[in-house]
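In: give me coordinates for this.
(one chain, ligands or ions: 1)
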Amino acid sequence: MELKRAYKFKIYPDATRQEEIDERLILAQQFYNMLLEKSIKSYKNGKTKVSMAQFNRFVKEIIQEDKKYLKLYSQTRCEIEYRLLRAYQNFFRRIKEGNKKAGFPRFRSRDRYKSITYPQDNGSFSIKRGRLRVSRIGTMPINLHRKIEGTIKTLAIKREGRNYYVVLTTTKEIKVPNVKNVNPVDIDMGLNSFVVLSDGAKIQKPKFAKKAEKHIARWQRIVARRQKGSKRREKAKLKLQKKWEDVSSQSNDFAHKLSTKLVDSGYTSFAVEDLRIQNMAKNHRLAQSIHNASWNRFIQMLSYKAESAGMKVIKVDPRNTSKECSNCGNIQDMPLSIREYNCSRCGMQLDRDINASINILKRATLGQRGSHVQGESARPQMEAVLEELRTDKTHPLRDAVIA
Ligand SMILES: [Zn+2]
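Out: Numbers count the residues shown, from 1 in each chain. So this is what the prediction gives:
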């Protein structure tokens, strides 16, 4: 199996290198917009086909009109073409699906264009003795706080506020062990906990999230209050970005530790809620969006760690998991204020989060039936454990806290 990973490291370009990077970020943004403009013009002239070949012709024109774009590494220009191609493909896909709000690819402002990519390690960049060298930009210190495993494939330089980072992607061939799925577990996003496992264990929300939420909300208000275009507003925006960075690096750390712990805990497969199914756009609550972001990061990490250890991660539809009785399948309303599921049909009483996570585990195992012998053999065991949990209120796992 080919294992893909991404690493983010802080880099420290000096003033000259910063200028070089900033200049390229602006060039890349302009280049993207010019490519978009040219494609829109040809779209209006009745040419609806979008292709790399067509983009390549536009690129030639753009460079002929202004040689400054030659400053962008050729592979970087290629990557920008791919970005736009993907934006178009998404647009056409949404139209096909009958989505009325299918957004046409948009022009990007400088705030919205923050990275340049070197899609192939063909000598355009290298890392040696704690320093990163990028072709035509120069060398700069890099903080390699984690060991890079595998072969480096791509590099992206990013600016976040006043800080600079690189994101490296790597691939590595690994031998995956054959794990018998005898101990499946479901991981559910709890209402008050970070995650709830179907065997009753709960992991508390990390404390930093609450603190960060307060800070972020405060700086969002300050940014909103200050006059658009003013220096004071820009300053507040930088502060806000800094707070986001803090919370995302802390949540990365948390996700790393928790996912490693779970993979090493003796479980043999994981069923998780697929949050993309829910309409996330509807949710404007800050706390929830922070929670969702760290949840997604956690699932990502869990997935690659579990899969490289030979365990499956199954994503399941989270709809109605709280409303459904895990014992009899009855569906009843469960307002958020109600902490316990009291089934009006079969009389089952169970913590609402545990009930929901049992439902998810059931769906994951059901989904596997037939196609996976492993899931089948795990079922009787799992049912026994779940039955014990439903009936035994003093089960030691019910309130266990792993974190
Ligand atoms: Zn019931």
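In: switch to C-alpha atoms for all contacts and neighbour counts from now on
Out: Will do.
In: starting at the chain centroid, how far to stretch 135-150?
Out: 23 Å (CA atoms, centre = their mean, to the nearest Å).
In: list the buried residues for that stretch?
Out: Neighbour-count burial for stretch 135-150 flags Ile137, Thr139, Met140, Pro141, Ile142, Leu144, Gly150 (criterion: 16 or more other CA atoms under 10 Å).
In: what's the weakest-modelled helix or strand in the protein?
Out: Lowest on mean pLDDT, DSSP states H and E among the helices and strands of the chain sits helix 373-391, with a mean of 46.
In: still on that earlier bit, so among the buried residues of stretch 135-150, where is pLDDT lowest?
Out: Ranked by pLDDT, the buried residues of stretch 135-150 bottom out at Gly150 (87).
In: still on that earlier bit, same list (the buried residues of stretch 135-150) but as TSV, adding secondary structure and distance to Glu61.
Out: Output for the buried residues of stretch 135-150, formatted as TSV (DSSP: H, G, I helix; E, B strand; the rest coil; distance: CA to CA, whole Å):
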residue	secondary structure	distance to Glu61
Ile137	coil	25
Thr139	strand	32
Met140	strand	34
Pro141	strand	37
Ile142	strand	37
Leu144	coil	40
Gly150	coil	39
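In: do a quick rundown of the strands in the stretch 1-150 of the chain.
Out: All strands of the stretch 1-150 of the chain, identified by DSSP state E, counting those that start in this stretch, fall at 2-11, 115-118, 125-128, 131-134, 138-143.
In: to the ion, which of these lies closest?
Out: Closest approach to the ion among the strands of the stretch 1-150 of the chain (CA to the ion): strand 2-11, 42.4 Å.
In: element containing the closest residue to Glu213 other than its chain neighbours?
Out: Of all residues not flanking Glu213 in the chain, Ala287 sits nearest, at 6.2 Å (CA to CA, 6 or more residues apart in numbering). Using DSSP states H and E, Ala287 maps to helix 286-308.
In: what lies in contact with that helix?
Out: Under the criterion CA atoms under 8 Å, 6 or more residues apart in numbering, residues 1, 3, 174-176, 189, 209-210, 213, 217, 248, 251-252, 255-256, 258-260, 262-263, 269, 272, 283, 312-313 lie in contact with helix 286-308.
In: ok, back up a step: okay, the residue nearest to Glu213 and the ion: tell me how far apart.
Out: 32 Å (CA to the ion, to the nearest Å).
In: returning to what we had before: name the helices or strands packed onto the helix or strand that comes right after the helix holding Ala287?
Out: Sequence order places strand 312-316 as the next helix or strand after helix 286-308, per DSSP H and E. Other elements packing on strand 312-316 under the criterion 3 or more CA pairs under 8 Å, 6 or more residues apart in numbering; DSSP states H and E are strand 269-273, helix 286-308, helix 352-368.
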